[in-house]
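Q: A structural model of the following input is requested.
(one chain, ligands or ions: 2)
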Amino acid sequence: MSDCLFCKIIAGEIPSKKVYEDEKVYAFEDIKPAAPTHVLIIPKRHFAGLDKAGPEDAEIIGYCNLIAAKLGRERNIEDGYRTVLNVGPRSGQSVFHLHLHLVGGRDLSWPPG
Ligand code: 5GP
Ligand code: ZN
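A: Ligands and ions are numbered 1, 2, ... in the order given. Okay, here's the model as predicted:
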């Protein structure tokens, strides 16, 4: 999608700190990290968010979580991390290309704000 920030990041039109890439997903450091590890994992195929997902998106949503688990293992933060999908403006979603936050490397409070 031509006017989507994260599609531009995938295309390399906007620079990012890549941490992982394969044919299905791209993962990069969040520009404003909320924790020592704060990575965004995004499907290469654009769709706006979980609220806009259909059955055809089930596999990629699961796959993003598995990539988060792999990164969590590699970064040695398996004593506590979180994967988060913000959905809708009241959740704080500000970019409407689905992205899974991987947040960890510090104590995480519950419930989230
Ligand atoms: P949301 O609030 O939509 O769930 O998450 C969007 C995330 O994207 C935020 O954590 C924000 O810091 C991050 N972000 C926004 N613009 C950029 C950017 O240009 N580069 C990177 N690396 N992260 C961004
Ligand atoms: Zn996009």
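Q: outside of stretch 13-29, which residues touch it?
A: The set of residues external to stretch 13-29 that reach it, using C-beta atoms under 8 Å, 6 or more residues apart in numbering, is 5, 8-10, 38-45, 60, 63-64, 67, 70-71, 102. C-beta: built from backbone N, CA, C; applies to glycine.
Q: got the residue ranges for the strands in the protein?
A: Taking DSSP state E as the criterion, the chain contains strands spanning 18-21, 25-29, 37-43, 81-84, 100-104.
Q: what about the longest helix along the chain, distance to the chain center?
A: Of all the segments of type helix in the chain, defined by DSSP state H, the longest one is helix 58-74. If you compare the mean C-alpha spot of helix 58-74 with that of the full chain, they lie 9 Å apart, counting by C-alpha atoms, centre = their mean, to the nearest Å.
Q: Who are the packing partners of it?
A: Where contact means 3 or more C-beta pairs under 8 Å, 6 or more residues apart in numbering; DSSP states H and E, helix 58-74 is packed against strand 18-21, strand 25-29, strand 37-43, strand 81-84, strand 100-104.
Q: so who does Val95 touch?
A: When contacts are counted by C-beta under 8 Å, 6+ apart, Val95 touches 4-6.
Q: tell me the phi and psi of it?
A: For Val95, the backbone dihedrals (degrees, to the nearest 10) come out as phi -120, psi 130.
Q: how near is it to ligand 2?
A: The gap separating Val95 from ligand 2 is 8 Å, by C-beta to the ion, to the nearest Å.
Q: Emit the PyMOL select command for whichever of the contacts of Val95 are buried.
A: In PyMOL, the members of the contacts of Val95 classed as buried (16 or more other C-beta atoms under 10 Å) are selected with the following command:
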select buried, resi 6
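Q: Narrow the contacts of Val95 to those in helices?
A: Counting by DSSP H, the members of these that fall within helices are 5-6.
Q: From the contacts of Val95, pick the one nearest ligand 2.
A: Nearest to ligand 2 among these is Cys4, at 3.1 Å by C-beta to the ion.
Q: looking at it, that closest one is touching Phe96, isn't it?
A: Yes: with contacts counted by C-beta atoms under 8 Å, Cys4 reaches Phe96, the gap being 7.4 Å.
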